[in-house]
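Undergrad: What follows is a predicted protein model with its sequence.
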Amino acid sequence: MPELPEVEVTRRGLACRLPGARIEAARPGKPLRWPLGIAPEALRGRTVASVGRRGKYLLLRLAPDGLLLVHLGMSGSLDWQAAPPPPGPHDHFDLVTSQGVLRLHDPRRFGAVVWAPDENSGMAAKLLGGLGMEPLDGTFDAAAFHQRLKKRRAPIKQVLLAGGVVVGVGNIYASEALFHAGLHPAVPACRVSRPRADRLHAAIRQVLVRAVEQGGSTLRDFAAIDGHAGHFQLEAAVYGREGQPCRACGTPIRRIAQGQRSTWFCPACQKR
C-alpha cells in the first residue's frame, strides 16, 4: 500500500510538471472508492495552481477555486505522459491538461479522486479532519508527540498505523522506526516514556526521510511518476526479514500479527 514516502515521491514528481497546467478534460473510468463530487466537465478551464500533500492525500489546488484530493488506495500509482495510450482495464481516471495527462492506475480500485471547494469543506474536511501530525514538517513536535501517545492504550505499533497521532507511518515504516528506536511493537503507547518517545520521534523522521530519498518502497505495484520503482525495501532492517539475522546483533528477526497486520522486530534489540 503506498504510504507517505511513496505519496511524497509522487508529489515531488508532479510539482515540477502540473502547476500552471490548464485542465482540458476529466475522464473518470470505473467507480472508485468515493465519487468525484463534481461533474467532470465542470473542471474544464481550471488551472492547477499547486501540488500539496496531507498525509497520504495529494492535494491539487485549482484556480480560480476548488481542490482535487487524490488517494492511491492499496495498489494505485499515477502516471504522467504527454500522449498516453488508451486507458487499460486498471486505468480509472485521466486528468487531461495542456501540459500532459495525469492517469490513475489502480488494480484494486481503492484509490480515489475527489473534488472539494477547499481543504476545510466538503469531502476534504471529512477526509483530512482527523489526521495527525505531519512527520516531515515543523508541526511534528516531540513533546506533543509524547503527550498524544500518553492518551493511547493500544500497542505502539497499532497507534502509529492508525494515523491519529502522526500520519503516514505505514507498516514498513512503523516496523523500521520501532527497531531504530529500540521499542518493542507491543508496548502500550501510554507506557512509552519521554526519552523513548523522543527516540521514536527521531527514528520516524529518519526512516521517512531515507525512504523518500530512496524513492519509496515498491513491493508490488508502486512506481513514481517517471515509472521508476522505489528501493527502500532493499535496505530494511527488520521488515520482511523473518528468521534472518538482525543487522545489529545477529538475533533472528521475528514476525507477529497485530491487528491483522504483520510486524517484524528484533527480540533482543527492541525492549518492552
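TA: That came in fine, so what should we check first? The structure presented is a predicted model; accordingly, all values stated were derived computationally and were not measured.
Undergrad: So the protein: which segments form each domain?
TA: Domain ranges of the chain: 4-128, 142-265, per automatic domain parsing.
Undergrad: Pull out the buried positions in stretch 125-143.
TA: Burial within stretch 125-143, assessed by neighbour count using 16 or more other C-beta atoms under 10 Å, is assigned to L127, L128, L131, G132, M133, E134, P135, L136, F140. C-beta: built from backbone N, CA, C; applies to glycine.
Undergrad: just those residues now: which is nearest I253?
TA: Using C-beta to C-beta, P135 is the member of those that sits closest to I253, with 24.3 Å.
Undergrad: Y173 is in contact with that closest one, correct?
TA: No - the pair P135 and Y173 fails to qualify as a contact (C-beta atoms under 8 Å) at a distance of 9.2 Å.
Undergrad: shared neighbours of the two, anything?
TA: In terms of C-beta atoms under 8 Å, 6 or more residues apart in numbering, P135 and Y173 are both contacted by the residues L4, I204, L208.
Undergrad: Rebuild these as a markdown table, extending it with pLDDT, neighbour count and distance to A83.
TA: Formatted as a markdown table, the shared contacts of P135 and Y173 follow (pLDDT from 0 to 100; neighbours: other C-beta atoms under 10 Å; distance: C-beta to C-beta, whole Å):
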| residue | pLDDT | neighbour count | distance to A83 |
| --- | --- | --- | --- |
| L4 | 87 | 24 | 31 |
| I204 | 97 | 25 | 41 |
| L208 | 94 | 25 | 35 |
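Undergrad: what sits opposite W80 in the beta ladder?
TA: Assessed by DSSP bridges, W80 has beta-bridge partners L102.
Undergrad: For it, grab the count of nearby residues.
TA: For W80, the count of nearby residues is 21 (other C-beta atoms under 10 Å).
Undergrad: swap in G52?
TA: 14.
Undergrad: Can you classify it by secondary structure?
TA: Look at G52: counting by DSSP: H, G, I helix; E, B strand; the rest coil, its state is strand.
Undergrad: And the pLDDT for L149?
TA: On pLDDT, L149 comes in at 98.
Undergrad: what sits against it?
TA: Contacts of L149 by C-beta under 8 Å, 6+ apart are I156, V159, V165, A189, C190, V192, A197.
Undergrad: Which of the residues you listed ranks first by neighbour count?
TA: Ranked by the number of neighbours (other C-beta under 10 Å), the contacts of L149 place I156 first, at 28 neighbours.
Undergrad: just the helices in the stretch 101-250 of the chain please.
TA: Remark: helices assigned in the stretch 101-250 of the chain by DSSP state H, counting those that start in this stretch are 122-128, 142-149, 156-162, 171-181, 194-213.
Undergrad: Report all helices and strands that the third one contacts.
TA: Translated: helix 156-162. helix 171-181 (3 or more C-beta pairs under 8 Å, 6 or more residues apart in numbering; DSSP states H and E).
Undergrad: Kindly report which one of the domains of the chain carries the lowest mean pLDDT.
TA: For the domains of the chain, mean pLDDT drops lowest on domain 142-265, to a mean of 90.
Undergrad: nearest to A248, of the contacts of L149?
TA: Checking the contacts of L149 against A248 with C-beta to C-beta, the nearest one is I156 at 19.4 Å.
Undergrad: which residues touch the closest one?
TA: Going by C-beta under 8 Å, 6+ apart, I156 touches L149, L178, L183, P185, A186, V187, P188, A189, V192, L200.
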